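Novice: Fold the following.
(one chain, ligands or ions: 1)
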Amino acid sequence: MSVQKPWQGRFTQGTDTLVEQFTASINVDCRLYHHDIAGSMAHARMLAKVGAISVPERDQILSGLAQIEAEIAAGRFVWKQELEDVHMNIEADLIARVGEPGKKLHTGRSRNDQVVTATRLFTRDAIDGLRATLAAVQNALLDLATVEAATVMPGFTHLQVAQPVTFGHHLLAWFEMLERDDDRLIDCRRRVNVLPLGAAALAGTTYPIDRQYTASLLGFETVCENSLDAVADRDFAVELAAVLAILMSHLSRFCEELILWATTQFGFVDLPDSFCTGSSIMPQKKNPDVLELIRGKTGRAYGDLMALLTLVKSQPLAYNKDNQEDKEPLFDAVDTASSCLQAFGALIPVLRLNRPRLREAAASGFSTATDLADYLAKRGLPFRSAHDTVGQVVRRAIALNKGLMDFTLDELRKFSPLIDQDVFDVLTVDGSVNSRRHFGGTAPDAVREAIRRAHERRTNKGQE
Ligand code: ARG
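Specialist: Here you go, the predicted model:
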């Protein structure tokens, strides 16, 4: 207990060393220094505006804080565990640096509204950074979808070949999932971007503060309506973790597909050597580590969400020290999602597709059987009967170990006299995808239209 603590006044005993170590959060929350200082600067400006401190006092506080920020950024600032957290470290240093005016910074403020202000500022910046990284992934998907708009591949349900689709269409499915993640980030940001400062410890303050002014200095859209709620809740952090958990679930699905597609059995894609590692014993191995790690890190993101949800559960109002535990999962969720998006975004442009293999796979598994049923139904056979007829054709094909395309017209007509020469147009993979031209369909033209709309939507959102 070498350092005087700001709250020392009423204490007769020093803090137990173990307790000091146990309660300190400086190792984690020092990361908030920039946002803590931004909050303090805005608070000092507001205090001077309403006359609670003088203009020269304000200026000394501001220049002291600016020096501290520069020192921290340069790695020259010494954090003290005895001073518990980022807030007390910076305030104590300010007082040591500028003297009396530094002692006035905490006028009309508490660490309770201070910490949640810094955390909200951090979260807002994190959302903006994540959105930029996400946009790069989405653009990479649109670029690849443009190149592969007409590349056919099998579409799956239950991981069994279902119907042919285009590779571009599959990539646009990924794009849409990420687009909703981006929408959720935008939506979450609105609830993050609210100023808690002014709530003080819990009950507000007796000074004639101007919270709207502080909010405008910090770019907060609105001000927390209730002082108890302002310091008590961390739902904004829970919400971001939830958004990121969903986002990671999407990335895990994309990665799982790529991992499958890169196997010898599928052989749809070849991952660049630069994104893989080898085996120390099996000379032939090339492992999709990056994709597996993203898939694995999804578990971390879910864990962060659970930690935050459990942290806020059952807490009585208003602030409790439990809330100090919000930072690690929040930081981890942001770092995890951000690094995974970066890695995934870097992989997309260097993927190499095996188009002949994709085409061959698209034609396998009687993938155009539904097209044949539709063909019969369009010629007047009720769809249920058509389904049954085609089921018999498939059964015969399995028995003869051949594909639907391998039957002659005469053979097919034995199943239904409605079948004519033009049946072979619908039995091909290209015929199948080309006939699905509607909005949201898999035809190359529909895919190109969807890509055009996607760019338009991004532009309207200000993301392009
Ligand atoms: N380090 C604390 C936190 O992260 C700051 C708030 C402390 N407030 C208090 N009343 N002990 O929550």
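Novice: Which elements pack onto the helix or strand hosting Glu411?
Specialist: According to DSSP states H and E, Glu411 maps onto helix 409-413. Packing contacts for helix 409-413, counted by 3 or more Cβ pairs under 8 Å, 6 or more residues apart in numbering; DSSP states H and E, involve no helix or strand. C-betas here are computed from N, CA, C, even on glycine.
Novice: gap between that helix and the chain center?
Specialist: Distance, stretch centre to chain centre, for helix 409-413: 53 Å (Cα atoms, centre = their mean, to the nearest Å).
Novice: Flag every buried residue along that helix.
Specialist: For helix 409-413, the neighbour count (16 or more other Cβ atoms under 10 Å) marks Leu412 as buried.
Novice: Output that helix as PDB, restricted to C-alpha atoms.
Specialist: What follows is helix 409-413, C-alpha atoms only, in PDB (Å, rounded to 0.1, in the frame of the first residue of the first chain):
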ATOM      1  CA  LEU A 409     -36.400 -41.000 -75.500                       C
ATOM      2  CA  ASP A 410     -38.100 -44.400 -76.100                       C
ATOM      3  CA  GLU A 411     -37.000 -45.700 -72.700                       C
ATOM      4  CA  LEU A 412     -38.300 -42.500 -71.000                       C
ATOM      5  CA  ARG A 413     -41.600 -42.700 -72.800                       C
END
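Novice: Which residues does it contact?
Specialist: 393, 419-421, 423 (Cβ atoms under 8 Å, 6 or more residues apart in numbering).
Novice: The chain against the ligand: which residues are in contact?
Specialist: 25, 29, 85, 111-112, 115, 319, 321, 323-324 (Cβ under 6 Å from any ligand atom).
Novice: Are any of these buried, and if so which?
Specialist: Neighbour counting by 16+ other Cβ under 10 Å classes 25, 29, 85, 111-112, 115, 319, 323-324 among those as buried.
Novice: re earlier: which two from the residues of the chain next to the ligand end up farthest apart in space?
Specialist: Distances among the residues of the chain next to the ligand were taken as Cβ to Cβ; the most separated pair is Asp29 and Tyr319, at 15.0 Å.
Novice: tell me the contacts of the residue in the stretch 151-300 of the chain positioned nearest to the ligand?
Specialist: Nearest to the ligand, among the residues of the stretch 151-300 of the chain, is Ala201, at 7.1 Å (Cβ to the nearest ligand atom). When the contact criterion is Cβ under 8 Å, 6+ apart, the partners of Ala201 are 110, 112-113, 231, 318-319.
Novice: Then Asp304?
Specialist: Neighbours of Asp304 in contact, by Cβ under 8 Å, 6+ apart: 241, 244-245, 329-330, 332-333, 336.
Novice: With Leu291 instead?
Specialist: Going by Cβ under 8 Å, 6+ apart, Leu291 touches 255-256, 258-259, 262, 271, 275, 347.
Novice: Give me the three-state assignment for it.
Specialist: Secondary structure state of Leu291, per DSSP: H, G, I helix; E, B strand; the rest coil, is helix.
Novice: One more: Pro164?
Specialist: Pro164 - assigned by three-state DSSP - is strand.
Novice: cool, the one 4 residues further on as well?
Specialist: With three-state DSSP as the basis, the three-state label of Gly168 is helix.
Novice: Begin at 53 from now on, thanks
Specialist: Happy to do that; since the first residue is 53 now, the last one works out to Gly220.
Novice: hang on, isn't it packed against Asp195?
Specialist: No. Using Cβ atoms under 8 Å, Gly220 makes no contact with Asp195, being 10.6 Å away.
Novice: Stretch 166-179: how far from the chain's middle?
Specialist: 17 Å.
Novice: Average pLDDT for that stretch, rounded please.
Specialist: Looking at stretch 166-179 alone, the average pLDDT works out to 98.
Novice: What of stretch 82-100?
Specialist: 98.
Novice: what's the answer for stretch 492-506, then?
Specialist: 97.
Novice: circling back: moving C-terminal from the helix holding Glu463, which element do we reach first?
Specialist: On the C-terminal side of helix 461-465, the closest following helix or strand by DSSP H and E is helix 475-479.
Novice: Just the buried positions in that following helix, please.
Specialist: 475, 478-479.
Novice: Go through those and name the one nearest Met98.
Specialist: The shortest gap between Met98 and any of the buried residues of helix 475-479 belongs to Val478, at 71.2 Å (Cβ to Cβ).
Novice: distance of the closest one from Glu463?
Specialist: Per Cβ to Cβ, to the nearest Å, Val478 is found 16 Å from Glu463.
Novice: go on, Arg243?
Specialist: 64 Å.
Novice: and what of Pro260?
Specialist: Distance, Pro260 to Glu463, using Cβ to Cβ: 92 Å.
Novice: again with Thr169
Specialist: Taking Cβ to Cβ, one finds Thr169 at 76 Å from Glu463.
Novice: And the pLDDT at Gly61?
Specialist: If you check Gly61, the pLDDT there is 83.
Novice: Could you find the closest non-adjacent residue to Phe174?
Specialist: In this structure, Phe174 finds its nearest non-sequential neighbour in His87, 4.8 Å apart by Cβ to Cβ, 6 or more residues apart in numbering.
Novice: and that neighbour, what helix or strand is that in?
Specialist: If you go by DSSP H and E, His87 is part of helix 85-101.
Novice: Run through who's touching that helix.
Specialist: 105-107, 109-110, 113-114, 117, 120-121, 124-125, 138-139, 142-143, 156-157, 159-161, 166, 169-171, 173-174, 177, 249, 259, 261-263, 265-266, 269-270.
Novice: So which of those residues belong to helices?
Specialist: 107, 109-110, 113-114, 117, 120-121, 124-125, 138-139, 142-143, 166, 169-171, 173-174, 177, 263, 265-266, 269-270 (DSSP state H).
Novice: follow-up on the earlier one: and the residue nearest to Phe174, how many residues sit next to it?
Specialist: Per other Cβ atoms under 10 Å, the neighbour tally for His87 reads 21.
Novice: for His490, same thing?
Specialist: As a burial measure, His490 scores 9 neighbours (other Cβ under 10 Å).
Novice: which secondary structure element contains the residue lying closest to it once chain neighbours are set aside?
Specialist: Sequence neighbours aside, Ala498 is the residue nearest to His490 in space, at 6.7 Å (criterion: Cβ to Cβ, 6+ apart). Secondary structure from DSSP H and E places Ala498 in helix 496-512.
Novice: Lovely, talk soon.
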